[in-house]
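*Asks:* Just need the structure, nothing else, for what follows:
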Amino acid sequence: MSRERVLRAAVRIADEGGIRALTMRRLAEEVGAEAMSLYYHVANKEEVLDGIADAVVEEINDVVGRIDVPSQGAGWKTAVRRRILSAREVLLRHPWAPGVFESRTTMSPAVLRYHDGLVGLMRDGGFSNDLCHHALHALGSRALGFTQELFDPGDAAGGDDASALEGMAAELPHLVGMFMEVAHDDPGSTLGWCDDQTEFEFGLDVILDGLDRLR
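*Replies:* Residues are numbered from 1 along each chain as shown. Next up is the predicted model:
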């Protein structure tokens with residue numbers, strides 16, 4: 001048994017059952033060991049979470065490292081868009097990962113390498129360091145392929161949403177009118193509650209178009 005094997009098993013458990021399924025006891029069962037023996041390789045559950053977050057970002061770095069598109073001048077936008085959407089494709093294979101990223105307290109070397117490459121593409125496009133800094137703030141978590149959500153209703157997101165909305169129409173006519181016409185109906189492209197592919201790409205393109213004008 002090794003730390004790498006433990007972390008691979010942890011990723012597999014999370015992929016199959018979600019992050020709540022990942023316990024030290026379940027992880028020990030997966031690798032065929034006693035729970036106490038795991039602590040020779042990972043200090044605690046938080047270290048497991050750090051490790052699997054890094055494993056996903058390393059997977060992202062491997063994928064984006066193989067992208068070969070021009071990034072000089074006006075090509076920066078296509079290159080950055082391709083990089084971010086490729087990162088998102090990895091996250092869709094590990095939909096628990098954004099929640100784990102949000103709970104980490106430090107940026108790991110893998111995350112820093114990802115962002116260093118992103119800034120490099122912007123510099124290729126003629127961005128100043130100051131504009132790169134503004135761009136990272138504007139992109140936020142989108143830089144890594146997901147949108148942080150303000151609220152997470154969890155299991156409460158189900159139920160008869162349409163009926164609930166209709167009951168609020170008098171008090172919230174504009175919101176209800178909007179929500180009755182739109183839907184997030186592609187769960188295969190959705191991370192979290194409503195971070196679906198269409199909305200993600202819309203927001204990303206708005207930001208990239210604005211940055212291109214500033215460039």
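
*Asks:* which is the next helix or strand following the helix or strand bottoming out on mean pLDDT in the chain?
*Replies:* Counting by mean pLDDT, DSSP states H and E, the chain has its least confident helix or strand at helix 161-166, which shows a mean of 69. Per DSSP states H and E, the first helix or strand lying C-terminal to helix 161-166 is helix 173-179.

*Asks:* what does that following helix rub up against?
*Replies:* 165, 166, 168, 169 (Cβ atoms under 8 Å, 6 or more residues apart in numbering). Quick note: C-beta positions are derived from backbone N, CA and C, even for glycine.

*Asks:* Give the buried subset of the residues you listed as a PyMOL selection command.
*Replies:* Typed into PyMOL, the next command selects the buried ones out of the contacts of helix 173-179 (criterion: 16 or more other Cβ atoms under 10 Å):
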select buried, resi 165
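
*Asks:* just curious, which of the contacts of helix 173-179 is nearest to residue 208?
*Replies:* Taking Cβ to Cβ as the measure, residue 208 lies nearest residue 165 of the contacts of helix 173-179, at 32.5 Å.

*Asks:* Please identify the buried residues of stretch 197-215?
*Replies:* Going by 16+ other Cβ under 10 Å, stretch 197-215 has these buried residues: 197, 200, 201, 204, 207, 208, 211, 215.

*Asks:* okay if I get these as JSON lines plus secondary structure, distance to residue 137 and pLDDT?
*Replies:* Putting the buried residues of stretch 197-215 into JSON lines (DSSP: H, G, I helix; E, B strand; the rest coil; distance: Cβ to Cβ, whole Å; pLDDT from 0 to 100) gives the following:
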{"residue": "197", "secondary structure": "helix", "distance to residue 137": "23", "pLDDT": "95"}
{"residue": "200", "secondary structure": "helix", "distance to residue 137": "18", "pLDDT": "96"}
{"residue": "201", "secondary structure": "helix", "distance to residue 137": "20", "pLDDT": "97"}
{"residue": "204", "secondary structure": "helix", "distance to residue 137": "15", "pLDDT": "98"}
{"residue": "207", "secondary structure": "helix", "distance to residue 137": "10", "pLDDT": "98"}
{"residue": "208", "secondary structure": "helix", "distance to residue 137": "14", "pLDDT": "98"}
{"residue": "211", "secondary structure": "helix", "distance to residue 137": "11", "pLDDT": "98"}
{"residue": "215", "secondary structure": "coil", "distance to residue 137": "16", "pLDDT": "94"}
